[in-house]
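[1] I would like the atomic coordinates for the input below:
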Amino acid sequence: MSVPADAPHDPNVSLDDMSLPERVAYLRRRMAGVPPRGEARSLSYPTPSYPAPSVEREKDEERQDQLPAKAVLAVPDALATLLPHRGLARGSVTAISGAGSLMLGLVASVTASGGYVAVVGQPRFGLLAAAEMGADLNRLAVVPDPGEDPVEVAAILLDGLDLVVLGLGGRSVPPSRARAVIARARSKGASLLVADGHWDGVDLRLDAAVRSVGGVGTGEQAGRGRLRTLRLEVCAQGKAMRPRRTCFDLRSEHGRIEWFEVPLGVSAGIRPTDRIAVLA
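    Got it, this is the predicted structure:
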């Protein structure tokens, strides 16, 4: 389906038959008619803290199996076991913080499974790193500078895409406006991923931290070698689950960067054939 560049907004237009460029062009025309707001204010937002893992995780996993089934967006297979619905639930809002490899992995999984994604307000988002994780760049739109109101840009993009990643740039979004955007995401069956700011009423919070790397020398060999593995510790907490955390090794398998769950406290191992991009 082709929509003329000068076509006015038509509420009856269906985005299902549009390609990603056509969807983005259509949504950009809608964004061009949005007046600036300025409701958001700058705020330094502290990194959330999480309790240590407990023996109750098995009980949490049993509760997770009993949760009502929801339509979800794909995540790395190893990461799915950490999430209450084994993916990013459609119509939900997730807050993400810490190492950028987590965001890259989520974007890569959604596009690789056929979904459309927009990354808003993240000028340092690494397209090469996303591609090495398996992202389909033909299904990815990037808006590095969304202007004075990135929340409005993200809200409009929710109309036509499966996942919108929104960088708030240290802003705090008023609760009333956050509720309106959440309602929009639910009505459209899209998922919103927010970073670098404060958003009330999120369904899930994910934080990633680099715990170790493999392949870089120590002692007399410090500063020598090649980064071969990256270990992330990912902490998750949400409305439908107790806080929990798990470690993952990121390394090259079959020509792409894959995620592998490892027990907490296990040292990062390396193999001569391991290769990894610098993702954190």
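[2] where in the stretch 101-250 of the chain is pLDDT low?
    Counting by pLDDT under 70, the stretch 101-250 of the chain has low-confidence residues at 215-227, 240.
[3] tell me if I'm right that Val164 and Leu193 touch.
    Yes - counting by C-beta atoms under 8 Å, Val164 touches Leu193, with 7.1 Å between them. Backbone N, C-alpha and C define where each C-beta goes, glycine included.
[4] following the chain onward from the host helix or strand of Ala141, which element is next?
    For Ala141, the host element (DSSP states H and E) is strand 140-143. Helices and strands here follow DSSP H and E; after strand 140-143, the next one along the chain is helix 150-157.
[5] how far out from the middle of the chain is that following helix?
    Put simply, helix 150-157 sits 16 Å off its chain's centre (C-alpha atoms, centre = their mean, to the nearest Å).
[6] helices and strands around that helix, which ones?
    The elements that helix 150-157 packs onto, with contact taken as 3 or more C-beta pairs under 8 Å, 6 or more residues apart in numbering; DSSP states H and E, are helix 20-32, strand 117-120, strand 140-143, strand 163-167, helix 175-188.
[7] deepest in the core, which of the ones you listed is it.
    Mean neighbour count, computed with mean count of other C-beta atoms under 10 Å, is highest for strand 163-167 among the helices and strands packed on helix 150-157, reaching a mean of 27.
[8] helices and strands around it, which ones?
    By 3+ C-beta pairs under 8 Å, 6+ apart, strand 163-167 packs against helix 100-112, strand 117-120, helix 150-157, strand 191-195.
[9] rewinding a little: CSV please, covering the helices and strands packed on helix 150-157 and showing distance to Ser97.
    Output for the helices and strands packed on helix 150-157, formatted as CSV (distance: least, C-beta to C-beta, whole Å):
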stretch, distance to Ser97
helix 20-32, 26
strand 117-120, 16
strand 140-143, 20
strand 163-167, 11
helix 175-188, 17
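[10] between the ones you listed, which gets nearest to Ala89?
    Of all these, it is helix 175-188 that lies closest to Ala89, at 9.8 Å by C-beta to C-beta.
[11] any idea of the angle the closest one forms with strand 191-195?
    150 degrees (axes from the mean of the first three to the mean of the last three C-alpha atoms, to 10 degrees).
[12] got the angle for helix 175-188 vs strand 163-167?
    160 degrees.
[13] need the residues that contact helix 175-188.
    39-40, 91-93, 151, 154-155, 158-159, 173, 191-192, 199-201 (C-beta atoms under 8 Å, 6 or more residues apart in numbering).
[14] now the residues you listed: which count as buried?
    40, 91-93, 151, 154-155, 158-159, 173, 191-192, 199 (16 or more other C-beta atoms under 10 Å).
[15] residues touching the residue most central in space within the chain, list them.
    Among the residues of the chain, the one closest to the centroid is Met103, at 4.0 Å (C-alpha atoms, centre = their mean). Listed by C-beta under 8 Å, 6+ apart, the contact set of Met103 reads 96, 122, 125, 165, 193, 195.
[16] report the separation between the first one and Gly255.
    The reference is to Ile96. Note on Ile96: its distance to Gly255, by C-beta to C-beta, to the nearest Å, is 26 Å.
[17] more neighbours, these two?
    Set Ile96 next to Gly255 and count neighbours by other C-beta atoms under 10 Å: Ile96 wins out with 22 against 9.
[18] and that one, that's in a helix?
    No - assignment of Ile96 by DSSP: H, G, I helix; E, B strand; the rest coil gives strand, placing it outside any helix.
[19] show me what contacts it?
    Taking C-beta under 8 Å, 6+ apart as the criterion, Ile96 is in contact with 102-103, 106, 193-195, 205-208.
[20] and the two most separated of these?
    Going by C-beta to C-beta, the pair spanning the contacts of Ile96 furthest: Val194 and Ala208, at 14.8 Å.
[21] the more surrounded of the two?
    Val194 (27 against 23).
[22] before we move on, the earlier item: which among the contacts of Ile96 end up buried?
    102-103, 106, 193-195, 205-208.
[23] and those, which is closest to Val142?
    Using C-beta to C-beta, Met103 comes nearest to Val142 of the buried ones among the contacts of Ile96, at 12.5 Å.
[24] hang on, the earlier thing: does anything pack onto the strand holding Ala141? Which helices or strands?
    helix 20-32, strand 117-120, helix 127-132, helix 150-157.
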